[in-house]
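Chemist: pasted the sequence and its predicted model underneath.
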Amino acid sequence: GAARGRWTVGRLGGRWRGATLDPMAGSDSGFGVQIHSEVFEPVSGAPEAGAVLLVSGADSHCTRWTSAFIQPLLDLGHRVVRYDHRDSGLSTKVPADVGYTLADLADDACAVMDEHGILRAHVVGRSMGGMVGQVMALDHADRVATLTLLGSSPGLGDESLPSAADWLVDRMAERLFAPPAVSHTERVAWIVELDEMFAGDRYPITTAERIRTASAEVERCWYPESGHGPAVNSSPSRLGRLAGISVPTLVVHGTADPVFPVEHALALADGIPDAGLWLVEGLGHEVPDGLVPELLDRIREHLAVGV
């Protein structure tokens with residue numbers, strides 16, 4: 001049985017189920033997508049609060065949403081669901097010739113909610129997950145109670161917004177043309193290097209901790225060939241549609257984010273009516289556990305607005 005709302009030996013006591021989607025629209029692949037999701041029940045006796053859906057970034061396992069982040073939400077009475085996007089973690093890997101967009105990933109998120117009997121959720125998305133959250137708030141508004149956008153963007157390829165830091169673009173190009181990581185050690189090093197490039201200096205994380213996280217992900221599923229990047233790049237910018245987001249929205253962004261410079265957060269906060277904005281000095285493109293206590297204080301107030 002599930003250990004409801006309790007952490008056991010450092011692991012989440014969640015039940016997981018596979019949400020099955022219909023074959024993807026626009027493709028004649030004829031195969032369904034299985035989405036791996038994990039649900040955590042609130043602490044017994046806590047006041048009944050709405051469900052929280054945690055939406056991961058690109059190529060990011062749902063396990064990046066750690067117990068430090070989830071447990072306080074359970075203590076507040078929230079039911080919490082995290083899941084692996086298609087093409088990552090334990091969910092279906094889509095053939096390379098089958099394209100998909102953020103709209104498909106938003107459909108996946110709604111299917112996960114359906115699977116767990118959730119009509120509306122507080123949607124918390126990081127990076128690409130925040131983009132999925134925006135699409136949900138625009139195209140599935142009845143499913144979203146509140147929206148929290150962590151280190152996200154209203155869209156790539158928009159000339160009014162700066163692109164990633166030059167040094168990061170150069171390093172990512174080097175990685176793209178490097179020989180593929182084959183051994184466990186090489187794969188762990190690949191993930192650790194990426195995490196270190198994305199990190200700011202406000203919340204230091206030891207290399208040993210980074211290695212533990214990366215090693216667990218390599219053992220869980222190594223899949224660097226996902227279509228997440230193409231999905232983001234092929235999806236239209238939402239900059240001109242942000243005024244159509246009517247749910248209470250909180251934007252959280254690091255001033256040292258090398259992937260989405262801070263102008264992306266300002267554009268979200270300016271474009272979404274009555275959005276809250278919290279700029280975190282020295283935070284990179286990351287949601288480290290060190291940020292969590294202060295972040296949860298703000299999220300707690302924000303979620304209370306959407307009840």
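Modeler: All right, it came through fine. The structure presented is a predicted model; accordingly, all values stated were derived computationally and were not measured.
Chemist: all helices in the chain, in order from the N-terminus.
Modeler: 67-75, 102-115, 128-139, 166-177, 184-198, 207-220, 228-234, 263-271, 292-305 (DSSP state H).
Chemist: for the nearest residue to L277 once chain neighbours are set aside, give me the pLDDT.
Modeler: Take L277 and drop its neighbours on the chain: the residue closest to it by C-beta to C-beta, 6 or more residues apart in numbering is A269, 3.9 Å away. For the C-beta atoms, the positions are set from N, CA and C on the backbone; glycine is no exception. On pLDDT, A269 comes in at 98.
Chemist: any idea how far A269 lies from P248?
Modeler: From A269 across to P248, the span is 13 Å (C-beta to C-beta, to the nearest Å).
Chemist: buried ones in stretch 58-77?
Modeler: Residues of stretch 58-77 classed as buried: 58-65, 67-74, 76-77 (neighbour count, 16 or more other C-beta atoms under 10 Å).
Chemist: to clarify, my last question referred to stretch 247-261.
Modeler: Neighbour-count burial for stretch 247-261 [16+ other C-beta under 10 Å]: 247-254, 256-261.
Chemist: any idea which residue is closest to the centre of this structure?
Modeler: Nearest to the geometric centre of the chain sits S56, at 2.0 Å (C-alpha atoms, centre = their mean).
Chemist: need the contact list for that residue.
Modeler: S56 makes contact with C62, R64, W65, R82, Y83, D84, H85, S88, R126, M128, G129, according to C-beta atoms under 8 Å, 6 or more residues apart in numbering.
Chemist: closest to A265 among those?
Modeler: Of all the contacts of S56, A265 sits closest to R126, with 12.7 Å by C-beta to C-beta.
Chemist: can you put the contacts of S56 in a markdown table and add distance to V39 and pLDDT?
Modeler: Below are those laid out as a markdown table (distance: C-beta to C-beta, whole Å; pLDDT from 0 to 100):
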| residue | distance to V39 | pLDDT |
| --- | --- | --- |
| C62 | 11 | 97 |
| R64 | 17 | 96 |
| W65 | 12 | 97 |
| R82 | 8 | 97 |
| Y83 | 9 | 97 |
| D84 | 13 | 97 |
| H85 | 17 | 97 |
| S88 | 18 | 95 |
| R126 | 19 | 98 |
| M128 | 22 | 98 |
| G129 | 17 | 98 |
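Chemist: out of those residues, which comes closest to Y223?
Modeler: The closest of the contacts of S56, once distances to Y223 are taken by C-beta to C-beta, is S88, at 6.3 Å.
Chemist: which ChimeraX command selects the buried ones in the contacts of S56?
Modeler: Filtering these down to the buried ones (16+ other C-beta under 10 Å) takes a single ChimeraX command:
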select :62,64,65,82,83,84,85,88,126,128,129
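Chemist: turn the buried residues of stretch 247-261 into JSON lines, including distance to L291 and pLDDT.
Modeler: Converted to JSON lines, the buried residues of stretch 247-261 look like this (distance: C-beta to C-beta, whole Å; pLDDT from 0 to 100):
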{"residue": "V247", "distance to L291": "23", "pLDDT": "97"}
{"residue": "P248", "distance to L291": "21", "pLDDT": "97"}
{"residue": "T249", "distance to L291": "19", "pLDDT": "98"}
{"residue": "L250", "distance to L291": "14", "pLDDT": "98"}
{"residue": "V251", "distance to L291": "15", "pLDDT": "98"}
{"residue": "V252", "distance to L291": "9", "pLDDT": "98"}
{"residue": "H253", "distance to L291": "12", "pLDDT": "98"}
{"residue": "G254", "distance to L291": "9", "pLDDT": "98"}
{"residue": "A256", "distance to L291": "12", "pLDDT": "98"}
{"residue": "D257", "distance to L291": "13", "pLDDT": "98"}
{"residue": "P258", "distance to L291": "17", "pLDDT": "98"}
{"residue": "V259", "distance to L291": "16", "pLDDT": "97"}
{"residue": "F260", "distance to L291": "16", "pLDDT": "97"}
{"residue": "P261", "distance to L291": "19", "pLDDT": "97"}
